[in-house]
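Colleague: got a sequence here, can you build the structure:
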Amino acid sequence: MSPIINLILFSCLAVAMVLLSVLAITTGSLLRSATYLLLVLICTAGLYLFLNYHFLAAVQISVYAGGVLILFIFAIFLTSQKGEILQTHETKKYIYGALVFVAGIAITAFAFIKHGFLYSPDNTTMLGDQEINMKVIGQTLMGTEKYQYLLPFEVLSVLLLACIIGGILIARKR
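Modeller: Sure thing, here's the model as predicted:
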């Protein structure tokens, strides 16, 4: 694809992610907020596809959009009453949120100005065009040596199990 089309697609994904993130935070319904979060996660997978990281896009869709978000929705159904509306926050919290937003935009702008992310020097291929071999990814995720991630993977699975058990216990008490 041409550089202009790449930039347009990236911009559309970025704008969609920002808008859906704001909607996820400002909506009054927990279920609607989880739906907007699902769409943000799908847009993130689109960015991974944009960078030719097909494995990460598949993991993003299956693990985060499929697994973690379903866990959120179950927690919402187990802990909230029918028709419950979220509480409105004080104005001070909105001001703090706006300050964090501006700081995030400033950091992102600094990173884009300081580094050339979009294209390689010859403008024919994108940076990150080479996809990593699946065997290397599998050995890195399930290895026990230095710079391998079996222990954090197992700790995360225990954490998710604790969250599920906690949600069930909270729902049982009511």
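
Colleague: which ones are touching the spatially most central residue of the chain?
Modeller: In the chain, the C-alpha nearest the mean C-alpha coordinate belongs to Leu41, at 4.8 Å (C-alpha atoms, centre = their mean). By C-beta atoms under 8 Å, 6 or more residues apart in numbering, the contact set of Leu41 is Gln60, Ile61, Tyr64, Ala65, Leu69. Glycine gets a C-beta too; all of them are placed from N, C-alpha and C.

Colleague: which positions within whichever strand or helix holds it qualify as buried?
Modeller: For Leu41, the element it lies in under DSSP states H and E is helix 30-50. By neighbour count on 16 or more other C-beta atoms under 10 Å, the buried set for helix 30-50 is 30, 33-50.

Colleague: ok, the contacts of Leu41 vs Val155, which is closest?
Modeller: Tyr64 (17.3 Å; C-beta to C-beta).

Colleague: could you verify that the closest one is part of a helix?
Modeller: Yes - counting by DSSP: H, G, I helix; E, B strand; the rest coil, one finds Tyr64 located in a helix.

Colleague: okay, now the unreliable bits of the chain?
Modeller: 1, 80-89, 116-131, 173-174 (pLDDT under 70).

Colleague: do that again at 80, thanks
Modeller: 1-3, 28-30, 66-90, 115-134, 137-138, 141, 163-164, 166-174 (pLDDT under 80).

Colleague: so how many other residues sit close to Ala171?
Modeller: 14 (other C-beta atoms under 10 Å).

Colleague: spatially nearest residue to it (excluding sequence neighbours)?
Modeller: Once flanking residues are discounted, Ala171 sits nearest to Leu78: 3.6 Å by C-beta to C-beta, 6 or more residues apart in numbering.
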